[in-house]
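Enquirer: prediction below, plus the sequence it came from.
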Amino acid sequence: MDIGTQISASVSDLMREFELITNNLANVNTAGFKRSCNTFSKVLQQSLGNDDGTVSNAERVEGVDFTQGNLIQTGRPLDFALCGEGFWVIETSTGPLYTRTGNFQLNQNGQIVDGQGRIVAGQNGPINLPLNTDLSQVNVSAGGVISIDGTTIDQFQIVAFGDDQKKLQSIGAGCFTISEEIDPKPAKDIVIRQNFQEGSNVQMIEELVDMIMVTRMYEANMSFLKAGSELSNSLINVAMG
C-alpha cells in the first residue's frame with residue numbers, strides 16, 4: 001500500500017473514531033448507555049515507531065464497553081438498575097432485544113414495557129400487573145421477583161452471555177441483538193435495585209482527551225495529504241513545461 005493510500009485509510013478510520021466519541025459524549029447522561037470504544041488512534045500512534053508505520057486490520061479494535069455505570073437513585077417504583085453481568089429481555093415482533101436500561105412503565109393493559117412501549121419479558125411472558133395498581137405497592141426483590149402486597153406476580157427474565165457478550169450488536173437506543181449461534185443463559189449473581197437507574201458509563205474527561213488526540217492526528221494526516229497533492233501538482237507542472 002502506498003503512503004497516500006495508507007494516509008487516506010487512516011483519515012477514514014479517524015473519522016469513524018471521532019463519530020463514536022461524539023456519540024458517547026451525546027449520551028453521557030443517558031441511563032444504561034454503554035460507550036463505544038475504538039483503539040485505532042492509540043494503535044496508530046504506537047505504530048509511528050514501526051519500520052513501515054502500518055496498522056493491521058487485526059489491531060483496529062472497535063466494540064462496546066460494558067463496564068458497570070454508577071447507580072442513580074430516582075425513587076420511581078418502575079426504575080430498576082442491574083448490578084452485575086446481565087440484560088433485561090425486550091420482546092419485539094422481530095425477536096428479543098437486550099438492554100441495560102431499566103426505566104420502565106405500564107401500558108394500557110397493565111403490562112410492564114420499556115420507554116418505546118415494548119414488552120419487558122418475565123419468566124412467564126409479558127408481566128401483567130392488576131389494572132389500577134398503586135405503583136408504590138409494587139416491590140421487586142434483588143433477584144427480580146415482582147410482588148404486590150406480598151402476592152407474587154412474576155419475575156423479570158434476566159440473561160447473560162458470558163464470553164459471548166462482546167459479540168452483542170448495538171442497534172441504538174441502548175439495545176442489543178445477537179446472532180443465532182449465541183445462546184443467552186439465565187444471569188447468575190445479578191442484583192436488581194428498585195428505585196434506581198444505572199447511569200451511562202461514559203467518562204466525559206476521558207472522551208474529551210481522546211477527541212483532542214483524534215482531532216490532532218486527523219489534522220496531521222490531512223496536512224500530509226495536502227502536501228502530497230501540492231507536490232504532485234508541482235511535478236506535473238514542471239513536466240508539462
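Expert: Ah, there it is.
Enquirer: any idea how far residue 154 lies from residue 92?
Expert: 19 Å (CB to CB, to the nearest Å). Using the backbone N, CA and C atoms, a C-beta is placed for each residue, glycine as well.
Enquirer: how close does the closest residue to residue 37 other than its chain neighbours sit to residue 173?
Expert: Distances taken as CB to CB, 6 or more residues apart in numbering put residue 65 closest to residue 37, at 5.0 Å, once the chain neighbours are dropped. Residue 65 is 17 Å from residue 173, where distance means CB to CB.
Enquirer: repeat that for residue 135.
Expert: From residue 135 to residue 173 the distance is 24 Å (CB to CB).
Enquirer: please apply the same query to residue 153.
Expert: Residue 153 is 27 Å from residue 173, by CB to CB.
Enquirer: correct me, but the residue nearest to residue 37 touches residue 38?
Expert: No - applying CB atoms under 8 Å, one finds residue 65 not in contact with residue 38, separated by 10.5 Å.
Enquirer: could you dump stretch 126-143 to CSV, C-alpha only?
Expert: Output of stretch 126-143 as CSV, limited to C-alpha atoms (Å, rounded to 0.1, in the frame of the first residue of the first chain):
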residue,chain,number,x,y,z
PRO,A,126,-45.4,-10.3,29.5
ILE,A,127,-45.5,-9.1,33.1
ASN,A,128,-49.1,-8.2,33.8
LEU,A,129,-50.0,-6.1,36.8
PRO,A,130,-53.6,-5.8,38.0
LEU,A,131,-55.3,-2.7,36.5
ASN,A,132,-55.2,0.4,38.6
THR,A,133,-52.2,-0.9,40.6
ASP,A,134,-50.8,1.5,43.1
LEU,A,135,-47.2,1.5,41.9
SER,A,136,-46.0,2.4,45.4
GLN,A,137,-47.1,-1.1,46.4
VAL,A,138,-45.0,-2.8,43.7
ASN,A,139,-42.0,-4.5,45.2
VAL,A,140,-39.1,-6.1,43.3
SER,A,141,-36.6,-8.2,45.1
ALA,A,142,-32.9,-8.3,44.5
GLY,A,143,-33.5,-11.5,42.5
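Enquirer: if we can go back for a sec, residue 65 and residue 38: which has the busier surroundings?
Expert: residue 38 (21 against 12; other CB atoms under 10 Å).
Enquirer: now residue 166, what's its secondary structure?
Expert: Assigned with DSSP: H, G, I helix; E, B strand; the rest coil, residue 166 falls in the helix class.
Enquirer: following the worst-scoring helix or strand of the chain on mean pLDDT, which helix or strand comes up?
Expert: Least confident helix or strand of the chain, by mean pLDDT, DSSP states H and E, is helix 40-47 with a mean of 65. Using DSSP states H and E, the helix or strand that follows helix 40-47 towards the C-terminus is strand 62-64.
Enquirer: buried ones in that next one?
Expert: Neighbour counts using 16 or more other CB atoms under 10 Å place residue 64 of strand 62-64 among the buried residues.
Enquirer: for that strand, packing partners?
Expert: strand 36-38 (3 or more CB pairs under 8 Å, 6 or more residues apart in numbering; DSSP states H and E).
Enquirer: on the three-state scheme, the spatially most central residue of the chain is what?
Expert: The residue lying closest to the centre of the chain (CA atoms, centre = their mean) is residue 34, at 3.5 Å. Classification of residue 34 by three-state DSSP places it in coil.
Enquirer: tell me who's in contact with it.
Expert: Neighbouring residues of residue 34 by CB atoms under 8 Å, 6 or more residues apart in numbering: 64-67, 69, 100, 170, 174, 200-201.
Enquirer: looking at this, residue 109 is in a strand?
Expert: No - counting by three-state DSSP, residue 109 is located in no strand; its state is coil.
Enquirer: much appreciated, bye for now.
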